[in-house]
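Enquirer: Return atomic coordinates for the entry below.
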Amino acid sequence: MNLQKQTRRKQQQGVAMIMALLTLLLLAIIGLAFMTMTGTENSANKNYKDSQSAYFGSRAGLENVRALLWTNVALKNSVAALNMPNPAGDGMIYVLNPAGGEVIDPKSGQWVDDELCHEQFALLPTLTPAPIGAPCGATGTTSELMPSGSTYYTTTALTAADAGTTNPLPFKWVRITNKQNFMGFDAAGNPRKVTPADPNNGDQVCYALDGKEHAAPSCAAWNANPANLSNQANPVWLLTSLALTSTGSPRTTQMEVAYIPPIYAPGTITTQAPVNLVGSFSIQSDDFCTCTCTQKTVSGVTSTTCVTKASQVNTPPQACFNTPNTIFTGGSINQNGSSGGVISTLGSNVFTSSVQNVSPWPFDTNKMIETYKQSAQNASTTAPWKFGCSGTPNFTSQPAIYASCGTQTGQQFGTFPPNLLSNGDESGAQPISVYVPGSVKLTSDANGAGIIIVDGDLEINGGFNFYGLLLVRGRVSFTGGGSQAVNLYGAILAGEDVSASDVAATDKFGGSINFKYDRCALQQSAPPGPPKLLATHELSY
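Expert: Predicted coordinates:
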C-alpha cells in the first residue's frame, strides 16, 4: 500500500511547476495586452489632443481675425473694399500667421488652400471642382487649385502679439472673402452657381437691419435702392481658417460675420406718430456732412441749391446726399407759429419738404431697439450714469407703460465734436452707445455722440448738443430755453410722436432748436465692437 502511494507521488512531481509556468505565461500575455492597449490608447489620446489643438487653433484664427476687423483700421478698410473673389486679386485676403522662419504660401505645400475650389466663386471659373467629400487637389489635378502664377489674392501679416514667434497659435492663415449667394454644390454634386433657378446666383450676400441676409449684385446696389432706405445692409464676410500643428494635424473651420448696419433715417425727424412744431426753429434735411446748401428767394419763391461739400470728415469725400426729408412721419405734421430756416432741396417749407401719413410704416422701432441695446451700455446700472430706473414696463398695454429713469442733469454720452458749433468741423467725436431702459428727462446741456436708445419717452429741456442718432420707443419732446440751444446733428427715429417747441413762443424766453441731418453722424450709430457672428462650422472631407 505504501508502495502505491509513493508511485503516485512520483507521477505527480513537476505538475505544480507546469501550472505556475502556464499561469506566468498567461499573466505575461495579459500584461503585454494591457501594455499594447495602453500604448494604443495613449497614441489615440495624443492624436485626439493634437487634432483638438488644431481645431481650437483654427477657431482661434477666426476669432483673432474677427477681432482685428474691429481694432485694425487698415485691415478693416481693405476688407470693406473687397470685390467678389476674382483673378484680378482684389477679392480675397489671406491673413498669415507664420511661426519663426516659416514662409506660408496658400497655393502650395502643407499650407495649401484645399477648400477654395469647393466654394465655386462665380468669377473664378478656372477652378475645377474636386470630387465631393475630397479636398481640392486630392486627385492630383492642378486645375483644382489656382495656377501658381495667379494673383487672385493679397496677403497681410497678422498683427497679433505672438505672430512670428517660435510658438504662435497653430493657425497658419485665415482667408477673407465676401460671401456669395449659392456657394458650393447641390445634392447631385453640381456647382450651385450655375443653377438657373434663381436670378441672384453668384450675387453678393448682405446682412440688413431686418436681421436677414439678402442677395444683391452688390451691397452698395442694395443700399442705393430707395426701397431699402430703411433696411440698409453690410457685406457678409466669409472667414476660412487653416490650422496645422507641429505633428502635421490639420483642421479647417469657417465663420460668417457682418457689421450691423447703421440706421440711416429717411428724415431729420422720423417718427411713426404725428409731429408737432411750435415757435421758431431750424430743420435742415440736406446732409450737413456731404452738402453745402444755399437758399435763394426770387419773386417770393424760395429755392435751395446744394453742392458736394469740399471739406468732409469722410475719406474719400462722398457726393452730396440730398434725398432725406425734413420730416418723415406715419402721422401728420402740425405747425403752430413760424418755422425759420427750413433747408431742403425737396421743398421751400416744412410741409413741401416732408412726407406725411407714410403707410405701411417701414421701420420696426421695437426690433431695432432690441438689436442695438445688446451692445450698448446700460445707463441705469453703469457708471458714470447709474440712473437707477424703477418700475415694470409693459410695452403691449394701451397706452404702453414705461419704466421711469427720472430727470437727469448735465449728462454726457460720448464726446460731441469740439469745434462743430464754431466752425462746422465734425472731427473729434468719440461716439458711444447708451441704452436707457425707461422714460427720461435730460436737462442743462446734455451732450454726446453715437446713439442714445431710450426704451420709453425722451424729454429734452434746455441745452442739448448731440452728434448721432436718437432711437426712442415712445414720445420725443424738445424744448429750448434761455440761452441754451438744442443742436442735433444726425436724426431722430421714434415710435411715437415728436414735439419740438421753442419756449420763447409761450414763456418769453430766448432759445433755438436746430436739427441738421448728418449722414456721418448716423454712421456713428452702428453698434461698437467686432462684426456680428452669424454662423460657424468645421469643414471636413
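
Enquirer: which stretch of helix or strand covers Met17?
Expert: Met17 belongs to helix 15-71 when assigned by DSSP states H and E.

Enquirer: Run through the neighbouring helices and strands of that helix.
Expert: Packed against helix 15-71 by the contact rule (3 or more C-beta pairs under 8 Å, 6 or more residues apart in numbering; DSSP states H and E) you find helix 73-80, strand 93-96, strand 171-178, strand 237-244, strand 250-258, strand 532-539. Just so you know, the C-beta spots here come from the backbone N, C-alpha and C atoms, and that holds for glycine as well.

Enquirer: now it: how far from the chain's centre is it?
Expert: 42 Å (C-alpha atoms, centre = their mean, to the nearest Å).

Enquirer: same deal with stretch 281-290?
Expert: 28 Å.

Enquirer: Span of it from start to end?
Expert: 22 Å (C-alpha to C-alpha, to the nearest Å).

Enquirer: What of stretch 358-372?
Expert: End-to-end distance for stretch 358-372, by C-alpha to C-alpha: 24 Å.

Enquirer: give me every residue that touches Thr156.
Expert: When contacts are counted by C-beta atoms under 8 Å, 6 or more residues apart in numbering, Thr156 touches 75, 78, 93-96.

Enquirer: Show me what it bridges to in the sheet.
Expert: Val95 (DSSP bridges).

Enquirer: Next, work out how far apart Pro367 and Gln52 are.
Expert: If you look again at residue 367, you'll see it is Lys, not Pro. Counting by C-beta to C-beta, to the nearest Å, the gap from Lys367 to Gln52 is 39 Å.

Enquirer: Pro418 too?
Expert: Pro418 is 52 Å from Gln52, by C-beta to C-beta.

Enquirer: ok, now Asn77?
Expert: Distance of Asn77 to Gln52, given as C-beta to C-beta: 35 Å.

Enquirer: Could I get the full set of strands for the stretch 201-350 of the chain?
Expert: Ranges of strands within the stretch 201-350 of the chain are 204-208, 213-216, 233-235, 237-244, 250-258, 267-271, 275-278, 282-284, 291-298, 301-308, 325-329, 333-336, based on DSSP state E, counting those that start in this stretch.

Enquirer: what's the closest of those strands to Trp70?
Expert: Of all these, it is strand 250-258 that lies closest to Trp70, at 10.3 Å by C-beta to C-beta.

Enquirer: Could you chop this structure up by domain?
Expert: Residue ranges for the domains of the chain, per automatic domain parsing: 53-261+530-539, 267-523.

Enquirer: want to throw the ones you listed into TSV with mean pLDDT?
Expert: Below are the domains of the chain laid out as TSV (pLDDT from 0 to 100):
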stretch	mean pLDDT
domain 53-261+530-539	83
domain 267-523	86
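
Enquirer: looking at these, which is closest to Phe34?
Expert: Per C-beta to C-beta, nearest to Phe34 of the domains of the chain: domain 53-261+530-539, 25.8 Å.

Enquirer: Ends of the closest one, what's the gap?
Expert: End-to-end distance for domain 53-261+530-539: 16 Å, by C-alpha to C-alpha.

Enquirer: begin at 754 from here
Expert: New numbering, starting at 754: the last item is domain 806-1014+1283-1292.

Enquirer: Distance-wise, check Thr895 relative to Cys889.
Expert: From Thr895 over to Cys889 (counting by C-beta to C-beta), the distance is 10 Å.

Enquirer: And for Ile1016?
Expert: Ile1016 sits 41 Å away from Cys889, going by C-beta to C-beta.

Enquirer: what do you get for Val832?
Expert: Distance of Val832 to Cys889, computed by C-beta to C-beta: 23 Å.
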